[in-house]
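1. okay, sequence plus prediction incoming.
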Amino acid sequence: MNVEITGAKIFLRLPFGILITETQVNMWIIMLAIAILCKWLTHNLKVKPEGKRQVVAEYLVNMSNKFVTSNMGDRFKNFSPFIGTLFAFSLLCSLSGLLGMYPPTADLNTTIGWATVTFVMIVYYKIKANGLGGYLKGFMEPIPVLAPFNVLGEFSTPISMAIRMFGNISTGVVISTLVYAALAWLSSLALQWLPGVLSGIPVLQLGVPAILSIYFDLFSGALQSFIFCMLTVLYIAQASKGD
Amino acid sequence: MERAIIMAACAIGAGISMFGGIGPGIGEGYAVGKACEAIGRQPETKGDVTSTMLMGCAVAETTGLYSLIIAMLLIFVAPGLFIGRL
């Protein structure tokens, strides 16, 4: 029995150590899919909706607006496109595992990138609310001795966000690979009385992994994208309040 | 021989690190139980309670995922660091 659990494959090595990996290629495909979907949903809009297409588009935009304003307040209404994009992108990235692609969110680089964006925004809004001095002074509370722990706590926010998403999705990839290998072994054991090539057909791989896929790809992927957006929204809203 | 000892040590370490899965299990079970109580008391708040509970569960899961990452590092990365270098 031969099990290969690997990360994203490297397709191309560019000079200066830049690598084009499966993650990036899959992300480009997903970006293209989102762009085409948006174009298709929003072309030829009417004041009075005629088809289902415009109703769906308006529903999605309204949902994103409602999510942002109910969690952050009306002041942050212009955050809606960012949060909507983040949600759609991370959701489709996780769901791409259903098509047999390597989900880009199973690569730590992707999630670290998104978490860094969130982290920069949190720091920006904290500085905007308290001033640079107030932000630095926040590390000295309640007593200056605790400053190293406060700095660690500040950096643990993006790291835990990134690892939460990566851990959930990559667990799915690892466990599905193990289950596929085990099913291939089991079916070769069950079919070994058949002659020739027939015994090598992994019959048990049909259907059984779908149950795992529903949990790991559909449920876990959707939940983790929702939580990533929710945490982004909550942290930014909290940071902009000031002390 | 050296290789066998390193692989065994990494596998045992990975197994031990997954003890970290106990904590989130207990914590999430407690959260779900409390959510069930809340829904039983006020069935009309089911939607809000469920979404808050899922959110809390996913956050509570983080420590378990940390131990999972350590276990995966021990299995896939650590043997390569030590084999042939000791």
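-> Arrived safely. Note that the structure is a prediction, hence the values are computed from the model and not measured.

2. quick one: contacts for A:Leu234?
-> Contacts were defined as Cβ atoms under 8 Å, 6 or more residues apart in numbering or on different chains; by that measure A:Leu234 touches A:Asn71. All C-beta atoms are positioned from the backbone trio N, CA, C, and that covers glycine.

3. spell out the secondary structure type for A:Val3.
-> The three-state label given to A:Val3 by DSSP: H, G, I helix; E, B strand; the rest coil is coil.

4. for A:Thr6, that is, sorry about that
-> Classification of A:Thr6 by three-state DSSP places it in coil.

5. and A:Phe11, by the same measure?
-> Under the three-state scheme (three-state DSSP), A:Phe11 adopts strand.

6. quick one: buried residues of the one helix or strand A:Phe226 maps to?
-> Here A:Phe226 sits within helix A:220-239, counting by DSSP states H and E. By neighbour count on 16 or more other Cβ atoms under 10 Å in any protein chain shown, the buried set for helix A:220-239 is A:220-221, A:223-233, A:235-237, A:239.

7. and it, how far from the chain's centre?
-> Centre-to-centre, helix A:220-239 and its host chain are 10 Å apart (Cα atoms, centre = their mean, to the nearest Å).

8. so where's chain A shaky on pLDDT?
-> Within chain A, the stretches falling below the threshold (pLDDT under 70) are A:1-2, A:196, A:198-200, A:242-243.

9. just the terminal-to-terminal distance for stretch A:96-111.
-> Looking at stretch A:96-111, the gap from its leading to its trailing residue is 15 Å under the measure Cα to Cα, to the nearest Å.

10. number of residues surrounding the nearest residue to A:Arg13 once chain neighbours are set aside?
-> Nearest in space to A:Arg13, with sequence neighbours left out and distances taken as Cβ to Cβ, 6 or more residues apart in numbering or on different chains, is A:Leu19 at 5.9 Å. The criterion is other Cβ atoms under 10 Å in any protein chain shown. On that basis, A:Leu19 has 12 neighbouring residues.

11. what's next to the one helix or strand A:Leu19 maps to, contact-wise?
-> In the assignment (DSSP H and E), A:Leu19 maps to strand A:18-21. The set of residues external to strand A:18-21 that reach it, using Cβ under 8 Å, 6+ apart, is A:Ala8, A:Lys9, A:Ile10, A:Phe11, A:Leu12, A:Arg13, A:Leu14, A:Asp107.

12. kindly report the same for stretch A:216-225.
-> With contact meaning Cβ under 8 Å, 6+ apart, stretch A:216-225 is reached by A:87, A:90-91, A:94-95, A:97-98, A:103, A:105, A:164-165, A:168-169, A:171-172, A:175-176, B:54, B:58.

13. show me which of those residues are buried.
-> Neighbour counting with 16+ other Cβ under 10 Å marks A:87, A:90-91, A:94-95, A:97, A:103, A:105, A:164-165, A:168-169, A:171-172, A:176, B:54, B:58 as buried within the contacts of stretch A:216-225.

14. which residues sit against stretch A:59-75?
-> Counting by Cβ under 8 Å, 6+ apart, the neighbours of stretch A:59-75 from elsewhere in the structure are A:41, A:76-77, A:79-81, A:83-84, A:87, A:229-230, A:233-234, A:236-237, A:240.

15. and which of those residues is nearest A:Ile143?
-> Distance from A:Ile143 was checked for each of the contacts of stretch A:59-75 by Cβ to Cβ. The minimum falls on A:Ser240, at 25.9 Å.

16. so what's the closest residue to chain B within chain A closest to, chain neighbours aside?
-> With distances taken as Cβ to the nearest Cβ, chain A approaches chain B most closely at A:Gly167, which sits 3.3 Å away. Closest residue to A:Gly167 in three dimensions, ignoring its sequence neighbours and counting by Cβ to Cβ, 6+ apart: B:Leu65, at 3.3 Å.
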